[in-house]
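Chemist: okay, predicted coordinates and the sequence, questions at the end:
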Amino acid sequence: MSDDTKPEITVEQALQMAVALHRSDDLERAEEIYVDILTHLPNEPNALNFLGVLRFEQGRNDEALHYLARSVQIRPEVAGAWLNLSNVLLESGEYDEAVKVLRRVVDLEPDNIDAYNNLGVLHGRRKQWELAEQCLRLAIERNPNHVFTHYNLGNLCFQTGRHGEAIDHCTRAMGMDPDDSHSVQVLCAALLADGQIARGKQILNDWLAKEPDNPRALHQLAAAGFVAPPARASDGYIQQTFDSFASSFDAKLESLGYRAPQFVADALAELGSRVPRNGVVLDAGCGTGLCASLLRPFAHRLEGVDLSAGMLARAKARAAYDALHHAELSAFLQRGHDLYDIVVSADTLIYFGDLDPVFAGLQQSMREGGVLAATLEVLAEDGIDHVLTVSGRYAHSGVYLRGLIERHGLQIGSLSKRVLRREAGANVEGWVFTAIKETRGG
């Protein structure tokens, strides 16, 4: 498309090249072509559509919505562009708008399976289980071999405690796509919850036979109790897990009634004058940046650190941090001394069993009088320090937590139990706590 391109190619040929690059994950070169086309033809609807999809994949949802909205405005009869718009609205938590757009898709294409599937996911996020199930079953009626719909219906059944149906639908999804790791994970969880331990172990072993080094499969094997648990979740597990659903992370947590960011912010506020003001704050395990707006009132400088590049891309798009760091948390904390006035960690320490390396780093990197505010999941048995649960997360006992804080030269500021989220139809209870680094001589 550019003036110096030789030989000259048509817009259609340029789009074909860009789409091929896009599908092969060469986003940088695909983006160049899309942008070049739109420089010459600002209202080219296909380029607007595909660039919108690419921006969504980059975590730039606002730009994605802008391009996709322009595309459907110019060519409103194209159901695919409306469907892409619904995906971005859905994963951005704009559920009311997503419903309107999906109804438009159904008006244009009454048998569009993806529209019914998306409506099912959307209603599930809102915990409107009956509506969600109706939409997913309508999709399956129209296409009994739609992998994603069977997975989503299986996940819905698992979330509502119907383990047998979850097993059935996830088994069918795996039969159609043996490489569908999402269905494998839900199937294993449902089998274990249903007491089918041997079959659950066999599914995991089959997965590992295909992918011997898959971090998720290895971690799930330990979470199911079939091998000894690691001291913490591996870097590969964290990266693979969180990179894979960075685009939908915020909306999924909202659907679970997730409250950890608000709880840690409230815990800081409740400490009153004991919390340093206008200081340097670290969001430890910042994810997509859900804590950023809650932490900004405490911060002159706000930094975030996370191991997932996908999550950091979303956090960067919020433009709420003064610096973002791509690193493993315990190693990052041990790089410097007396750096932070406040460290906040909402649902990050739950991926560590042994917390001593992290707390050693916290003690080193926090300034005197500095405050830690964090969450953990509750382990009721005080005779055990921590366990890796079937969720893939660690739970810690109160005795262990108190001893940990004391061992590392911190004082408990507050400690309470709260419901962090709902999952698989049950409350997930957590510790919400603050700890203060003692001053020398104090």
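Modeler: In hand now; what should we look at? In this text the structure is predicted, and so the values were computed from the model without any measurement.
Chemist: got any ranges where this structure has weak pLDDT?
Modeler: Low-confidence segments of the chain, defined by pLDDT under 70: 1-7, 245-258, 382, 424-425, 440-442.
Chemist: need the three-state assignment for the closest residue to C286 other than its chain neighbours.
Modeler: Excluding the flanking residues, the one nearest C286 by C-beta to C-beta, 6 or more residues apart in numbering is G304, at 3.1 Å. Just so you know, the C-beta spots here come from the backbone N, C-alpha and C atoms, and that holds for glycine as well. When classified by DSSP: H, G, I helix; E, B strand; the rest coil, G304 comes out as strand.
Chemist: quick one, what contacts G304?
Modeler: Residues in contact with G304 (C-beta atoms under 8 Å, 6 or more residues apart in numbering) are L282, D283, C286, G289, A292, L312, A315, Y321, A323, L324, H325.
Chemist: hey, where'd the strands end up in the protein?
Modeler: Per DSSP state E, the chain carries strands over the ranges 279-284, 299-306, 323-326, 340-345, 366-378, 386-388, 394-396, 410-423, 426-437.
Chemist: among those strands, which is nearest Y34?
Modeler: Of all the strands of the chain, strand 323-326 sits nearest to Y34, with 26.3 Å by C-beta to C-beta.
Chemist: what packs against the closest one?
Modeler: Secondary-structure packing of strand 323-326 (3 or more C-beta pairs under 8 Å, 6 or more residues apart in numbering; DSSP states H and E): strand 299-306, helix 309-318.
Chemist: can you redo these as TSV with distance to V419?
Modeler: Below are the helices and strands packed on strand 323-326 laid out as TSV (distance: least, C-beta to C-beta, whole Å):
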stretch	distance to V419
strand 299-306	25
helix 309-318	24
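Chemist: distance to N87 for the strands of the chain - can I get that in CSV?
Modeler: Shown next, in CSV, are the strands of the chain (distance: least, C-beta to C-beta, whole Å):
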stretch, distance to N87
strand 279-284, 28
strand 299-306, 24
strand 323-326, 26
strand 340-345, 31
strand 366-378, 30
strand 386-388, 33
strand 394-396, 33
strand 410-423, 24
strand 426-437, 28
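Chemist: closest to A373 out of the helices and strands packed on strand 323-326?
Modeler: When the helices and strands packed on strand 323-326 are compared by C-beta to C-beta, strand 299-306 sits nearest A373, at 12.9 Å.
Chemist: next, the angle from that closest one to strand 340-345.
Modeler: Relative orientation of strand 299-306 and strand 340-345, computed by axes from the mean of the first three to the mean of the last three C-alpha atoms, to 10 degrees: 40 degrees.
Chemist: strand 299-306 pairs with which strands?
Modeler: Next to strand 299-306 in the sheet, as set by DSSP bridges, lie strand 279-284 (parallel), strand 323-326 (parallel).
Chemist: deepest-packed of these, please.
Modeler: Stretch with highest mean neighbour count among the strands paired with strand 299-306: strand 279-284 (a mean of 26; mean count of other C-beta atoms under 10 Å).
Chemist: out of the strands of the chain, which is closest to N205?
Modeler: strand 386-388 (18.3 Å).
Chemist: re the thing from before, measure the residue nearest to C286 to T149 for me?
Modeler: 36 Å (C-beta to C-beta, to the nearest Å).
Chemist: what do you get for G195?
Modeler: Distance, G195 to T149, using C-beta to C-beta: 27 Å.
Chemist: tell me which of these two has more neighbours.
Modeler: A count of neighbours by other C-beta atoms under 10 Å puts T149 above the other of G195 and T149, at 27 against 10.
Chemist: correct me if wrong: S293 contacts A320.
Modeler: Yes - with contact defined as C-beta atoms under 8 Å, S293 reaches A320; the gap is 6.5 Å.
Chemist: and the two? which has more neighbours close in?
Modeler: Neighbours per residue (other C-beta under 10 Å) separate S293 from A320, with A320 holding more: 18 against 12.
Chemist: quick one, phi psi at that one?
Modeler: phi -110, psi -10 (degrees, to the nearest 10).
Chemist: A292 is in contact with that one, correct?
Modeler: Yes - A320 lies in contact with A292 (C-beta under 8 Å); the separation is 3.7 Å.
Chemist: need the overlap of contacts for those two.
Modeler: L302.
Chemist: now do the contacts for L324.
Modeler: Neighbouring residues of L324 by C-beta under 8 Å, 6+ apart: C286, E303, G304, V305, D306, L312, A315, K316.
Chemist: one step back: quick check: bridge partners of the residue nearest to C286?
Modeler: Beta-bridge pairing of G304 under DSSP bridges involves D283, L324.
Chemist: roughly how far does it sit from F332?
Modeler: Applying C-beta to C-beta, the value for G304 to F332 is 11 Å.
Chemist: any residues in contact with both of the two?
Modeler: Shared contacts of G304 and F332, defined by C-beta under 8 Å, 6+ apart, comprise H325.
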